[in-house]
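[1] Sequence and computational prediction follow.
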Amino acid sequence: MQDILSTFVRSIFIDNMIFAYFLGMCSFLAVSKNVKTAMGLGIAVVFVLAATLPLNYLLEVYVLKQGALVWLSPEFANVDLSFLGFILFIAVVASFVQLVEMVVEKFSPSLYASLGIFLPLIAVNCAILGGALFMQQKAFPNLGVATVYGLGSGIGWMLAIVGMAAIREKLQYSDIPKPLKGLGIAFILTALMGIGFMSFSGIKI
């Protein structure tokens, strides 16, 4: 239980995909102009990460790594399919993104229109693939920890983009120097928020 709680908190605040690793910056900067749109994309990312990371964990443990296929037959004890990791991980992610896209288009056409190309681009969002690759690197002990890591990483990404969108909405009423309007001030805000999130690295979990 302690491992699960530690992983959940770390994935949101300390190992935040945006402010610790700068993954998923393209959609983070492009969509964080409106809180409603940012929230919609954030929820989609949470769902995709929480759903695909456990599946990719199972693929890694029971199919990809060396000796993973021993459950089929002892003859496969030396088989190593890890070179297929990128392809299979992206295939799983793309399948769930397609599902999310169909659901959003069906039940919220306005959100679907406002997200535009960035909704299907979740399939190649480096934060999503980064979650799967970090899962490999961290070698989680069980499926529960991997699932919590996926959920926490998604929530951390959603908090980052919604927080940025809220600030940028307020900045519309501020007197910003012309050269800094748009992406200029967004980069500065991202850096400041990243420094703020660095304060969580001192937490002992």
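    Structure received.

[2] packing partners for the helix or strand hosting residue 191?
    Here residue 191 sits within helix 183-198, counting by DSSP states H and E. The contact analysis (3 or more C-beta pairs under 8 Å, 6 or more residues apart in numbering; DSSP states H and E) places helix 183-198 against helix 25-31, helix 143-171. Using the backbone N, CA and C atoms, a C-beta is placed for each residue, glycine as well.

[3] hey, which of those helices is tucked in deepest?
    Most buried of those, by mean neighbour count (mean count of other C-beta atoms under 10 Å): helix 143-171, with a mean of 21.

[4] Show the average pLDDT along it.
    Across helix 143-171, pLDDT averages out at 94.

[5] now it: how far from the chain's centre is it?
    Its chain's C-alpha centre and that of helix 143-171 lie 8 Å apart, by C-alpha atoms, centre = their mean, to the nearest Å.

[6] again with stretch 198-205
    The answer for stretch 198-205 is 20 Å, by C-alpha atoms, centre = their mean.

[7] in the protein, which ranges drop under the pLDDT threshold?
    205 (pLDDT under 70).

[8] which residues of it fall in helices?
    2-9, 25-31, 35-59, 85-107, 109-115, 126-138, 143-171, 183-198 (DSSP state H).

[9] Please render those helices as CSV that adds distance to residue 204 to the earlier fields.
    CSV is the format used below for those (distance: least, C-beta to C-beta, whole Å):
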stretch, distance to residue 204
helix 2-9, 10
helix 25-31, 29
helix 35-59, 25
helix 85-107, 32
helix 109-115, 39
helix 126-138, 19
helix 143-171, 17
helix 183-198, 15
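
[10] about what we covered before: of all the helices and strands packed on helix 183-198, which lies closest to residue 74?
    Between residue 74 and the helices and strands packed on helix 183-198, the shortest gap by C-beta to C-beta is with helix 143-171, which sits at 24.2 Å.
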